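[1] I would like the atomic coordinates for the input below:
(one chain, ligands or ions: 2)
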Amino acid sequence: MRTFINVEDIGNLQAALQEAREVKANRFAWQHLGRNRTLLMIFFNNSLRTRLSTQKAAMNLGMNVIVLDVNQGAWKLETERGVIMDGDKSEHLLEAIPVMGAYCDLIGIRSFAGLTDREYDYAETVVQQFIRYSGRPVMAMETATVHPLQAFADLITIEEYKTVERPKVVLTWAPHCRALPQAVPNSFAQWMRAADVDFVVTHPEGYELDARFVGNARVEYDQHKAFEGADFIYAKNWSCPGVTRPEDYGKILCDDRSWTVDAAHMSWTREARFMHCLPVRRGLIVTDDVIESAQSIVIPEAANREISATVVLKRMLEALN
Ligand code: AN0
Ligand code: CP
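    Residues are numbered from 1 along each chain as shown. Ligands and ions are numbered 1, 2, ... in the order given. Coordinates of the predicted model:
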């Protein structure tokens, strides 16, 4: 595997899930693969889970790891081409990328959407430059439009907790005080469509996800109806994807707190499990009692980030050897 960005990159999902089970049962069995190999993790944005779980995964595989927090100690990087660099940015990404590639075998990138220029974000401009100029395989650790390590971990978790062959999985928008990217819901939708689940998306009008991710998945604007019979509730806030009105891209269109997942919402479901990628703002996305309830699986979900990252790095290492 040369790049890990979209669900297609992982190939057959059943095979990937089987590999995840093998990795989880014996996570140090592939230590030889990473010997004298270096993963460079580049963070343009904050992280707790991705940082720790991906580093742990690399260590499981015997790799060396270098972590670069671009905004803490590195030169400020210019990402646009054709600008006169007389501002506060000392180095251009187009020199920095091949230099970074020289010190490692694999690259992981976290670079969130700016949420001002839809075309720039949805073209994955930063990641595409890394793919083109680093000379190294590149893995998304949440980029402008995708978060595949999260979606893979989510699918592993659903497989572990499902009680019916084809569970009903509901992705629900929930309110938030800041404009957040669409990467998590985009990837979740993309992976759920590829998986063997009954997938439904619910959100207020104007929050329609981009068709390249949501495809022809069922969209139900009535949150109550969507929750009926659900086996998994996957809550997430996202800002306006700008599908119907490009001028609204990245904006907060709705602050309706009736979308917050509380005990009444959960009572509409078939004793659904509650999921969220974390970090989560309590009281906005979900109430304390729901996230602390026995139905909440947010902690095992986060723990599975180590498993998804181990499978992905293992496959990238195998492609190098
Ligand atoms: C980010 C987001 O919504 O994309 C990261 C989630 C994994 N969340 C925040 O910035 C709070
Ligand atoms: N879920 C997730 O990616 O968390 P972090 O932003 O803390 O890495």
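
[2] and the closest residue to ligand 1 within the chain, what does it touch?
    Nearest to ligand 1, among the residues of the chain, is Leu180, at 3.7 Å (C-beta to the nearest ligand atom). C-beta here means a position set from N, CA and C on the backbone, and glycine is covered the same way. The contact partners of Leu180, taken as C-beta atoms under 8 Å, 6 or more residues apart in numbering, are 237-239.

[3] Enumerate the positions of stretch 151-168 that are buried.
    Buried residues in stretch 151-168, counted by 16 or more other C-beta atoms under 10 Å: 151-160, 162, 167-168.

[4] can you list contacts of that stretch?
    7, 10, 13, 16-17, 20, 24, 169, 184, 187-188, 190-192, 195-198, 200, 229-232, 234, 270, 273, 275, 277, 297, 300-302, 304-305, 307-308, 311-312.

[5] And those residues, which of them are buried?
    Among those, those buried by neighbour count (16+ other C-beta under 10 Å) are 7, 10, 13, 16-17, 20, 24, 169, 184, 187-188, 190-192, 195, 197, 200, 230-232, 234, 273, 275, 277, 297, 301-302, 304-305, 307-308, 311-312.

[6] So which of those are in strands?
    169, 200, 232, 234, 273, 275 (DSSP state E).

[7] can you list those in JSON lines and add pLDDT?
    Shown next, in JSON lines, are those (pLDDT from 0 to 100):
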{"residue": "Val169", "pLDDT": "99"}
{"residue": "Val200", "pLDDT": "98"}
{"residue": "Phe232", "pLDDT": "99"}
{"residue": "Tyr234", "pLDDT": "99"}
{"residue": "Arg273", "pLDDT": "98"}
{"residue": "Met275", "pLDDT": "99"}
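
[8] wait, which of those is closest to ligand 2?
    If you rank those by distance to ligand 2 using C-beta to the nearest ligand atom, Met275 comes first, at 11.2 Å.

[9] My read is that that closest one contacts Asp231, right?
    No: look at Met275 against Asp231 with C-beta atoms under 8 Å: they stay out of range, at 10.8 Å.

[10] circling back: which of the contacts of stretch 151-168 are close to ligand 1?
    184, 277 (C-beta under 6 Å from any ligand atom).

[11] hang on, the earlier thing: what two of the ones in strands among the buried ones among the contacts of stretch 151-168 are the furthest from one another?
    Of all pairs drawn from these, the one with the longest distance (C-beta to C-beta) is Val200 and Arg273, at 15.1 Å.
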